[in-house]
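# Model the structure of this input:
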Amino acid sequence: MGEGDEGFMRRALELARKGWGWTRPNPLVGAVVVKDGEVVGEGYHACYGGPHAEAVALHEAGDRARGADLYLNLEPCVDFPGKKTFPCTDAILRAGIRRVIVATRDPNPCVDGRGLARLREAGVEVVEGVLADEARVLNEVFFHWIRARTPFVVLKLGMSLDGKIASRTRRSRWITGEGSRRLVHLFRARYGGILVGVGTVLADDPSLTVRGVEGPQPLRVVLDSEGRIPLGAKVLSPGARTVVATTERMPSETEAQLCAKGAEVWRLPGEGGRVDLRELLGRLGEETDSLLVEGGSEVAWSFLSQGLVHKVAFFYAPVVLGGREAVPAVGGDGVEDPAAGIRVRDLQIERVGEDLLVTGYPVPGVPSPGDVA
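Residues are numbered from 1 along each chain as shown. You can find the predicted model right below:
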């Protein structure tokens, strides 16, 4: 591995992030062409259906790509049935690249090592594993979705320092600061869907749209097993697609009224008349690669207790609300023994204005028994 490999790979990762929210369900990819230690071409996958990062970078490099090095955070694609774009491995070979440095292989079963094998067979030097951990985190959504075909689930909660998402009077605006709220809108743009329970709709009447930042609007999902959502709710407003996930308990008249408002009603099975979250995620996997769960506390516990959360993003504001009647961030029955609690690994803590953002990954295999939302 050359001394500059990590530096050029960091640039590829930086470029790849520019496509956040726009490429799904495709991965985030950046490409850097280097000749004699100098960058001669750069590119990234900007949107689904658009040119791939390799094609953009090679086009910018032109004739200077011959004999150059190419840095990619993800293995280049190959030809396979149903593919709509020219395979990047062929473009690399045509350009005369002498060395390809990649961070990770593409887990897509149609690729998964075939791209690198084709390059090696053609005499191109291939280096793997440069900044692999960073590259996997960058494409954690794609890596999960391409294997499981269910959304990568992120649980986002904004709370006081003592873990409350609303006061005893059920007021929640605004606990966290302006910086945190702006970052939440960036999250909404990055992830394909956003989900709340009908209780949140009744209490806060959120729009669940991207505002104040650039990005595509997410698929809005409301858990509502009985059809309690008001027809005037902002989440039913035009501008973004809305799905109301329900059960046989919703009256047919309510379903017809929601459909007339432009919403889609999904009747799903479930225990005790509640929506089965696994069934819902299976259906959502056909529509989107990721889901941002925003609340409330009972919904949070339902997802956590069933082991359905892949990542948590908890915003803590420097304020204490107190009160035994205040709403906790995570509700449900909880665990009887702290030893049975859901562990979270790889914690990262960062400042967002005056708030703290804590992210991490719930450890699989240890969720406590739970119910469905």
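# what residue ranges in the stretch 51-200 of the chain score low on pLDDT?
Across the stretch 51-200 of the chain, the ranges flagged by pLDDT under 70 are 80-85.
# mind listing the helices for it?
For the stretch 51-200 of the chain, helices defined by DSSP state H, counting those that start in this stretch occupy the ranges 53-61, 88-95, 114-121, 132-138, 140-148, 178-190, 198-204.
# What residues sit buried inside the second one?
So the one you mean is helix 88-95. Within helix 88-95, the residues that qualify as buried are 88, 89, 91, 92, 93, 95, counting by 16 or more other C-beta atoms under 10 Å. In short, each C-beta sits where N, CA and C put it, glycine included.
# export those to a markdown table and tack on distance to residue 142?
Output for the buried residues of helix 88-95, formatted as a markdown table (distance: C-beta to C-beta, whole Å):
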| residue | distance to residue 142 |
| --- | --- |
| 88 | 16 |
| 89 | 19 |
| 91 | 21 |
| 92 | 21 |
| 93 | 25 |
| 95 | 25 |
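# Tell me the one among the residues you listed nearest to residue 355.
Closest approach between the buried residues of helix 88-95 and residue 355, by C-beta to C-beta: residue 88, at 40.8 Å.
# for the closest one, what are its contacts?
52, 54, 55, 76, 77, 78, 115 (C-beta atoms under 8 Å, 6 or more residues apart in numbering).
# Skipping adjacent residues, who's closest to the fifth one in space?
Counting by C-beta to C-beta, 6 or more residues apart in numbering, residue 88 is the residue found nearest to residue 77 once chain neighbours are left out, at 5.0 Å.
# what does the fourth one give?
With C-beta to C-beta, 6+ apart as the measure, residue 88 is the residue that lies nearest to residue 76, at 3.8 Å, once sequence neighbours are left out.
# and the gap between that neighbour and residue 45?
Using C-beta to C-beta, to the nearest Å, residue 88 is found at 10 Å from residue 45.
# Now do the shared contacts for these two.
Shared contacts of residue 88 and residue 45, counting by C-beta under 8 Å, 6+ apart, come down to residue 52.
# Next, the buried residues of stretch 62-75.
For stretch 62-75, by 16+ other C-beta under 10 Å, it's 64, 65, 68, 69, 70, 71, 72, 73, 74, 75.
# how about these in JSON lines, adding distance to residue 316?
Putting the buried residues of stretch 62-75 into JSON lines (distance: C-beta to C-beta, whole Å) gives the following:
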{"residue": "64", "distance to residue 316": "49"}
{"residue": "65", "distance to residue 316": "48"}
{"residue": "68", "distance to residue 316": "47"}
{"residue": "69", "distance to residue 316": "44"}
{"residue": "70", "distance to residue 316": "42"}
{"residue": "71", "distance to residue 316": "37"}
{"residue": "72", "distance to residue 316": "37"}
{"residue": "73", "distance to residue 316": "31"}
{"residue": "74", "distance to residue 316": "34"}
{"residue": "75", "distance to residue 316": "38"}
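# List just the nearest of the residues you listed to residue 278.
The closest of the buried residues of stretch 62-75, once distances to residue 278 are taken by C-beta to C-beta, is residue 74, at 29.1 Å.
# Surely residue 136 and residue 104 touch.
Yes: contact between residue 136 and residue 104 holds when scored by C-beta atoms under 8 Å: they sit 5.8 Å apart.
# and those two? which has more neighbours close in?
Set residue 136 next to residue 104 and count neighbours by other C-beta atoms under 10 Å: residue 104 wins out with 22 against 16.
# Okay, domains of this structure per the record?
Domain assignment for the chain by automatic domain parsing gives 5-142, 151-362.
# Please compute how far the shortest one lies from its chain's middle.
Looking back up the chat, that one is domain 5-142. 21 Å (C-alpha atoms, centre = their mean, to the nearest Å).
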